[in-house]
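Asks: I'd like to go over a predicted model; first the sequence, then the structure.
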Amino acid sequence: MPVSIAPDIPKTHIPTQIPLPTGLPIGDVNAYLFLEPEPVLLDTGINSTDSLVALRRALNHYGLTFADLSKVIISHPHVDHFGLSGAIAAESRATFHIFEPAVPWLADYPHPWATRLHYYVRTLFKQLNLPTDIVDPILTYYQSIQSAGSAVPAERVFPLRANQQVQMGPLSWRILHTPGHTSTLTCFYQPETRQFLSTDMLLRQTPTPIVEQPLPGAPRVPCLPQFIQSLQTVRQLNIDIVYPGHGRPFTDHRALIAAQLKRITHRKEECLALIKAGHTEVAPMLLTMYPQYPPPFRFAALWMLIGYLDLLKQEGRILEETTRGVLRYRPA
Ligand SMILES: [Zn+2]
């Protein structure tokens, strides 16, 4: 339990970790519960029967049901973090709070999901010239997981704003906007007790910088460079304990961040070496850098590879060109 890692902090000030099954390769996702002065839940788990049963059981352990929750905070609009929101809303009067630009993911799901998938199919996968044996398993997976999210009535969804405070337990937590894993991810920092709810911003294993549909008329936002900036921001915080969105709480966030930055640099150089060796397109680079990846989950490898290419472009070490609608790369 977190209590043993942070012995000096009163128990009521510490988020209670509730691991919930996702049925996905990532394993359990963590919701966090604060009991006093009112029951507040951070993240919900995925919309599945197993997850629903596990969350009900965890709340029951503290003498609570969904109806007792006053507030549900959502760290970011990924199905494993907000999926059960609809079920909780149906049985409670809880209000739901999510970073302002992500409000439509809660209030209008699955519309933003469909828009993203449309961008992948109609634009991104074509630009990358991915063959069907790469694209089809990814799309089958994405379509199958749509039902893992759920909507909340719009009038019960309220925006969180960066650098403001949110009350969770007896203390106020600062809302930090740390894009990278997704453009709308927030994590929560409690400076007096030096606690950090990192959600999926800082995990033991580097979170995937998920490529998102650009705003209309705008270019795609490079998410791995954004993620690195967020790592630098979090690195400077005085943190004694990190409560992540997946896995057990941990300490020494600076060592972890250093290791992740080192690994990203290493893989980026491998990517550059492939381009120098004559690779010009994404698909062969993907299969070379991630030969063992199970095809349905290859999107995670694809998002990392696109991140390395974004970094190399920003550093001016490769050039990206479009030939007949297909993106190609060469050394600068
Ligand atoms: Zn996530």
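Replies: Structure received. Numbering: from 1, shown residues only.
Asks: drop to CA atoms for contacts and neighbour counts, all remaining ones
Replies: Will do.
Asks: longest helix in this protein, by number of residues?
Replies: Looking across the chain with DSSP state H, the single longest helix is helix 253-276.
Asks: show residues contacting that one.
Replies: 204-206, 228, 231, 235, 239, 241-242, 285, 289, 305, 308-309, 311-312, 318, 329-331 (C-alpha atoms under 8 Å, 6 or more residues apart in numbering).
Asks: what about burial for the residues you listed, which qualify?
Replies: Among the contacts of helix 253-276, those classed as buried by 16 or more other C-alpha atoms under 10 Å are 204, 206, 228, 231, 235, 239, 241-242, 285, 289, 305, 308-309, 311-312, 318, 329-331.
Asks: filter the residues you listed down to the ones in helices?
Replies: Per DSSP H, the buried ones among the contacts of helix 253-276 map to helices at Ile228, Leu231, Arg235, Met285, Met289, Leu305, Tyr308, Leu309, Leu311, Leu312.
Asks: what's near enough to touch the fifth one?
Replies: The one in question is Met289. Neighbouring residues of Met289 by C-alpha under 8 Å, 6+ apart: Cys271.
Asks: same check on the last one?
Replies: Taking C-alpha under 8 Å, 6+ apart as the contact definition, Leu312 lies against Lys268, Leu272, Ile318.
Asks: give me that answer again for 6 Å
Replies: Ile318 (C-alpha atoms under 6 Å, 6 or more residues apart in numbering).
Asks: mind listing the helices in the stretch 101-250 of the chain by residue range?
Replies: 103-107, 111-119, 125-127, 132-144, 223-235 (DSSP state H, counting those that start in this stretch).
Asks: would you list these in a markdown table and tack on mean pLDDT and distance to Gln260?
Replies: What follows is the helices of the stretch 101-250 of the chain, written out as a markdown table (pLDDT from 0 to 100; distance: least, C-alpha to C-alpha, whole Å):
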| stretch | mean pLDDT | distance to Gln260 |
| --- | --- | --- |
| helix 103-107 | 97 | 29 |
| helix 111-119 | 94 | 28 |
| helix 125-127 | 96 | 28 |
| helix 132-144 | 93 | 26 |
| helix 223-235 | 97 | 9 |
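Asks: go through the ones you listed and name the closest to Ser85.
Replies: helix 103-107 (7.9 Å; C-alpha to C-alpha).
Asks: quick one: which of the ones in helices among the buried ones among the contacts of helix 253-276 is nearest Val72?
Replies: Leu231 (25.8 Å).
Asks: got a pLDDT number for the closest residue to that closest one other than its chain neighbours?
Replies: Sequence neighbours aside, Ile257 is the residue nearest to Leu231 in space, at 6.5 Å (criterion: C-alpha to C-alpha, 6 or more residues apart in numbering). In this prediction, Ile257 carries a pLDDT score of 98.
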